[in-house]
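In: return atomic coordinates for the entry below.
(one chain, ligands or ions: 2)
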Amino acid sequence: MAKQLSGAGLRGQVAGKTALSTVGKSGSGLTYRGYDIKDLADQCQFEEVAYLILKGQLPTQHELAQYKTQLKQQRGLPQALKEVLERIPKDAHPMDVLRTGCSMLGNLETEHAFTEQQAVTDRMLACFPSIICYWYRFSHDGVRIEVETDDDSIGAHFLHLLHGKKPSALHEQVMHVSLILYAEHEFNASTFTARVCASTLSDMHSCITGAIGSLRGPLHGGANEAAMELIEQFSSPEDAEQKMLEKLARKEKIMGFGHAIYADSDPRNEIIKQWSEKLSEEAGDDLLYAVSERCESVMWREKKLFCNADFFHASAYNFMGIPTKLFTPIFVMSRLTGWAAHVMEQRADNRIIRPSAEYTGEAPRSVPAIEQR
Ligand SMILES: CC(=O)SCCNC(=O)CCNC(=O)[C@H](O)C(C)(C)COP(=O)(O)OP(=O)(O)OC[C@H]1O[C@@H](n2cnc3c(N)ncnc32)[C@H](O)[C@@H]1OP(=O)(O)O
Ligand SMILES: O=C([O-])CC(=O)C(=O)O
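Out: Ligands and ions are numbered 1, 2, ... in the order given. Modelled structure (predicted):
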C-alpha cells in the first residue's frame, strides 16, 4: 500500500532528480543505483557500496582492493585538527564534534575546485572514524590514540579505535551491513540540506557540515540514540508493553518508528533486526532484544506504526559495546557517501534551489516613530 504523500513538509513534491536511489517504490522498497538493498547487504562490503554510490558502478576485485588501500592511507589527522578536538569538552554531543571536525578539515584541506570532489570525499570517508574516536578517547579516557590502523574496513577501524582492540569477524560484518543500510536515502532532510548548500556552488565540506547538523535531530538520524534511551528504561517485555501503552495514551512520539515515505515497513528494518538478534545471542542477552521486539509488536498492533532503520540499530550497536551517544556519528560515517554523491549530482546539473513561501504576515504598513510604539 502506497503512503498518501501530501501536506506540510514538502511531502510528495518532486524537488529535483536523482539517479542514486529509489525509496518506497513498488517492489524492493530501496535500491542504490538499481541494486536492491537486501542484495547489497547480503553480498557486499561497505567500501563496495561506497564506491558504487560515489563512482557510479560496483568495483571489480582489483578496484575494491585499490580503493580500500587508498582509504586506509588517509586515516591520519592533521595536528591542528587534533588540537581542536582536544579542546572540545567531554560533555559535548559527538555529532557536534563531528560537525566541528568536518568544518575544521575544510579549513585545513579546502576543496579549491570541483575537480577535487571525489578526493575530498574519500578523505572524509577515511578520517571521520578517526575524528570521532580521537575526541572520544581523549575526552573520556585521557589518551591520545594512534588513529592510523591497518584494519581492513572502515567499520573495523572505528571499532578498533573505540575499544583499543581489533573487532571480531561478526562485529566487523555487522558494521558492513549497518553502514550499507545507512548509506543513501534519496531526498531525506539531511541530504536535501546538502543539496541546497551545493546549489549555491559552495564547497563540499560546507555541504557535509550542514548535513551533519540536519541529521542530528531526533526526528531524523538522532532517532537511533533516542530509541536506545527508550528501550533501556524497560525491565521486561511486559514492562515495555505497559509503558509503551502509557506513552501512546499521552500521545508521545516514539522514536525509531514511522517514516515520511514508507507506508507499512522500512526494508532496512528486517535486515538490521536479524543481525541484532544474532548479536543478542552472542552477548547472552535476555532482555534488550526481547524488549525491542515487544515494542515493535505494540506499535504495530496499536498504531500500525513500524520500526524504521533506526530502531533495531539501537540494540545492535549496544550489543557491540558502542556508547549510545556515538550511534548517530556512525550514521554520518556512512551517509557521507550519499550526501557527497548528491552534491556531485546537484553540481552536474545545477540551478540554485530557491522555493517560494506563502506569505501569512501583516498587510503592508508604515513604520511608526520609535516613541509612538
Ligand atoms: C533514518 C531516519 O531518519 S528514519 C526516521 C527517524 N525518525 C524517527 O524515528 C522519529 C519518530 N518518527 C516520526 O517522528 C515520524 O514518523 C517521521 C518524522 C519519521 C515522519 O513524519 P511524518 O511523515 O510527518 O509522519 P506521518 O505523516 O506518517 O504521521 C502520521 C501520524 O502518525 C503519528 N506518528 C508518526 N510517527 C510516530 C511515532 N514514531 N510515534 C507516535 N506517533 C507517530 C504522527 O504524529 C501523525 O499523527 P497525527 O496525524 O495525529 O499528527
Ligand atoms: O528518508 C527519510 O526521510 C529518512 C530516512 O529514512 C533516511 O534518511 O535514511
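In: can we go C-alpha only for contacts and neighbour counts from here?
Out: Fine.
In: okay, now residue 318: neighbour count?
Out: By the measure other CA atoms under 10 Å, the count of residues near residue 318 is 18.
In: need the three-state assignment for it.
Out: Following DSSP: H, G, I helix; E, B strand; the rest coil, the label given to residue 318 is helix.
In: hang on, it packs against residue 325?
Out: No: Residue 318 is beyond contact range of residue 325, at 10.7 Å (criterion: CA atoms under 8 Å).
In: mind listing what's buried in stretch 116-128?
Out: By 16 or more other CA atoms under 10 Å, the buried positions in stretch 116-128 come out as 117, 120-128.
In: whoops, stretch 274-288 was the one
Out: For stretch 274-288, the buried set under the neighbour-count rule, 16+ other CA under 10 Å, comprises 275-280, 288.
In: could you dump those residues to a markdown table with pLDDT?
Out: Below are those laid out as a markdown table (pLDDT from 0 to 100):
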| residue | pLDDT |
| --- | --- |
| 275 | 98 |
| 276 | 98 |
| 277 | 98 |
| 278 | 98 |
| 279 | 98 |
| 280 | 98 |
| 288 | 98 |
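In: tell me which two in those residues are the farthest apart.
Out: Greatest spacing in the buried residues of stretch 274-288, by CA to CA: 275 and 288 (13.5 Å).
In: pLDDT score for the spatially most central residue of the chain?
Out: For the chain, residue 331 is the residue whose C-alpha lies nearest the centre (CA atoms, centre = their mean; 2.6 Å). What the model reports as pLDDT for residue 331 is 98.
In: stretch 108-121: end-to-end distance?
Out: 14 Å (CA to CA, to the nearest Å).
In: pull the contacting residues for the closest residue to residue 263 other than its chain neighbours.
Out: Of all residues not flanking residue 263 in the chain, residue 3 sits nearest, at 4.6 Å (CA to CA, 6 or more residues apart in numbering). By CA atoms under 8 Å, 6 or more residues apart in numbering, the residues touching residue 3 are 261-263.
In: among those residues, who's most crowded?
Out: residue 262 (21 neighbours).
In: what's around the closest residue to it other than its chain neighbours, how many residues?
Out: Excluding its sequence neighbours, the residue lying closest to residue 262 (CA to CA, 6+ apart) is residue 24, at 5.3 Å. Look at residue 24: counted by other CA under 10 Å, it has 19 neighbours.
In: next up, the contacts around residue 24.
Out: With contact taken as CA under 8 Å, 6+ apart, residue 24 is in contact with 2, 30, 261-263.
In: could you do residue 77 as well?
Out: By CA under 8 Å, 6+ apart, the neighbours of residue 77 are 127, 130-131, 147.
In: cool, residue 64 as well?
Out: Contact analysis of residue 64 by CA under 8 Å, 6+ apart lists 47-48, 51.
In: and it, how far from residue 334?
Out: Distance check for residue 64 against residue 334: by CA to CA, it reads 17 Å.
In: where does the stretch 51-200 of the chain get nearest to ligand 2, which residue?
Out: residue 188 (4.0 Å; CA to the nearest ligand atom).
In: which residues of the stretch 251-373 of the chain fall in helices?
Out: With helices called from DSSP state H, counting those that start in this stretch, the stretch 251-373 of the chain shows them at 267-283, 288-303, 311-319, 327-348.
In: pretty sure residue 295 contacts residue 243?
Out: No: here residue 295 lies out of contact with residue 243, judged by CA under 8 Å, at a distance of 9.6 Å.
In: so the two - more neighbours on which side?
Out: Using other CA under 10 Å as the criterion, residue 295 and residue 243 rank with residue 295 on top: 27 against 15.
In: residues contacting the more buried one?
Out: Applying CA under 8 Å, 6+ apart to residue 295 gives the contacts 237, 240-241, 244.
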